[in-house]
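Asks: Kindly return the folded structure for what I paste below:
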Amino acid sequence: MIRKLLSITAALLVLSMPAQSQGTADSVFVRAQKMVSDGNAGRGRSVVDSVLRSSRRGSPAYAEALFWRATLAATSQQSEQDYRRLVVEYPLYARTGDVLLRLAQLELLRGNRDAAAVHLRRIQTEHPEFGNQAAASYWLGRVLFEKNDLAGACGAIADAKRIVKPDDVELANQIEYQNQQCAGVVISAPDTTRLAEVTSGPLAGPLPGPVTRAPAPATGNLPPPLPANSSGSYSVQIAAYSEKTQATALVSRLSSRGFSARVDGSRAPYRVRIGQYATRADAVAAQQRIKKGGITGIVVKVD
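Replies: Modelled structure (predicted):
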């Protein structure tokens, strides 16, 4: 049932998402969106690709184009790749709440409920300003129902019911339908310990469990990083933060687990990266080994 609902939701997202930069009908992204929904997907995606190429990397315009490339992508794998880039490289992007929600839905399509729950909880705790708290709570409730956590699920549904906007009739109806399962269920208090463990990690790390439970990495299996005085071309980026103290705290946690982590950037966003590798292949190999330790990152070219 949840897979069917997710498929419908994904299709509706393409049809209903407004452009961020312009609300007018002649917005380039609205036109590209219409092309895709009218069956001219290749042309619509080409329009978005053109905007992406002409935008300065690191700018809000580039982030917006990257979002639309993900939204209109032909496959879920392509969508996920760009959504993860947005979370890691553009933590201040105005649609981060929507991006995390979509990543959660992609995880649900794969049956990875724990990773989906991490994304949804991050919307609740790290991005209350984005206005999709009710949707995040609703989907978290769905996840917890599937995990047979009735008390947690009903707590999430109760939160969604409390904060859903009156004019969001469709979501309100979905919440009310799920709430029928909560008759007589004693709602438990939020698991703040678990929540703290989840949110202490980087934005880009959809970890199914606390970082401290993951096995320590066998760093000897990683491709050897370049010497400290070398200027490596590639690194594995774990997260990016608007506050340097957050980035420094993550570096300390990663270093305690044996990773050669650092903070790059003299101003926000402060990027947390591991290693410096001469080739992309070495960086990809390191990325895969790091992932086995429960940490998700992306390979980036170091400026």
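
Asks: quick one: contacts for Val73?
Replies: No, residue 73 isn't Val; it's Ala. Arg45, Ser79, Asp82 (CB atoms under 8 Å, 6 or more residues apart in numbering). In this view, the C-beta of every residue, glycine as well, is placed from N, C-alpha and C.

Asks: what do you get if the cut-off is 7 Å, keeping everything else the same?
Replies: Ser79, Asp82 (CB atoms under 7 Å, 6 or more residues apart in numbering).

Asks: how about it, secondary structure?
Replies: coil (DSSP: H, G, I helix; E, B strand; the rest coil).

Asks: Model confidence for it, exactly?
Replies: pLDDT, Ala73: 95.

Asks: same question, the one 4 residues further on
Replies: pLDDT for Gln77: 92.

Asks: Equivalent analysis for the one 3 residues further on, please.
Replies: On pLDDT, Glu80 comes in at 94.

Asks: Quick check: closest non-adjacent residue to it.
Replies: Leu106 (5.3 Å; CB to CB, 6 or more residues apart in numbering).

Asks: burial measure for the one you found, as a count.
Replies: Look at Leu106: counted by other CB atoms under 10 Å, it has 22 neighbours.

Asks: For the host helix or strand of it, the averaged confidence score.
Replies: Element membership of Leu106 [criterion: DSSP states H and E] is helix 96-109. Average pLDDT, helix 96-109: 93.

Asks: Tell me where the model's unsure across the stretch 201-303 of the chain.
Replies: 201-232, 293-294 (pLDDT under 70).

Asks: residues touching the residue nearest to Glu80, list them.
Replies: Contacts of Leu106 by CB under 7 Å, 6+ apart are Ser76, Ser79, Glu80.

Asks: which ones among those residues are found in helices?
Replies: Ser76, Ser79, Glu80 (DSSP state H).

Asks: Run a quick neighbour tally on the second one.
Replies: Neighbour count for Ser79, taken as other CB under 10 Å: 19.

Asks: oh, and call the first residue 13 from now on, that's how I've got it
Replies: Got it, the first residue is 13 from now on, which makes the last one we talked about Ser91.

Asks: my read: it touches Ala82, true?
Replies: Yes - with contact defined as CB atoms under 7 Å, Ser91 reaches Ala82; the gap is 4.6 Å.

Asks: Tell me the residues that contact both of those two, please.
Replies: If you check Ser91 and Ala82 against CB under 7 Å, 6+ apart, no residue is contacted by both.

Asks: and after the helix holding Leu118, which helix or strand comes next?
Replies: Using DSSP H and E, the next helix or strand after helix 108-121 towards the C-terminus is helix 125-138.

Asks: Now do the buried residues in the following helix or strand past that following helix.
Replies: Using DSSP H and E, the next helix or strand after helix 125-138 towards the C-terminus is helix 145-158. Under the neighbour-count criterion of 16 or more other CB atoms under 10 Å, helix 145-158 has 145-157 buried.

Asks: cool, and stretch 294-309?
Replies: For stretch 294-309, burial by neighbour count (16+ other CB under 10 Å) applies to Asp294, Ala295, Ala297, Ala298, Gln299, Arg301, Ile302, Gly305, Gly306, Ile307, Thr308, Gly309.

Asks: What is the nearest of those residues to Gly167?
Replies: Of all those, Gly167 sits closest to Gly306, with 26.3 Å by CB to CB.

Asks: Where does the prediction get shaky in the stretch 63-212 of the chain?
Replies: 141-142, 200-212.

Asks: Where do the strands of the stretch 163-312 of the chain begin and end?
Replies: For the stretch 163-312 of the chain, applying DSSP state E, counting those that start in this stretch gives strands covering 246-253, 273-276, 282-289, 310-313.

Asks: now the residue lying closest to Arg292 once chain neighbours are set aside, which residues is it bridged with?
Replies: Spatial nearest neighbour of Arg292, chain neighbours left out: Tyr246 (5.3 Å); criterion: CB to CB, 6+ apart. For Tyr246, the beta-bridge partners are Tyr289, Lys313 (DSSP bridges).

Asks: same check, this time on Val275
Replies: Residues in beta-bridge contact with Val275 (DSSP bridges): Val284.

Asks: That one: what's it in contact with?
Replies: By CB under 7 Å, 6+ apart, the contact list for Val275 reads Lys256, Ala259, Thr260, Val263, Tyr282, Val284.

Asks: now, among the residues you listed, which is nearest to Gln193?
Replies: For the contacts of Val275, the minimum distance to Gln193 (CB to CB) is 40.1 Å, reached by Val284.
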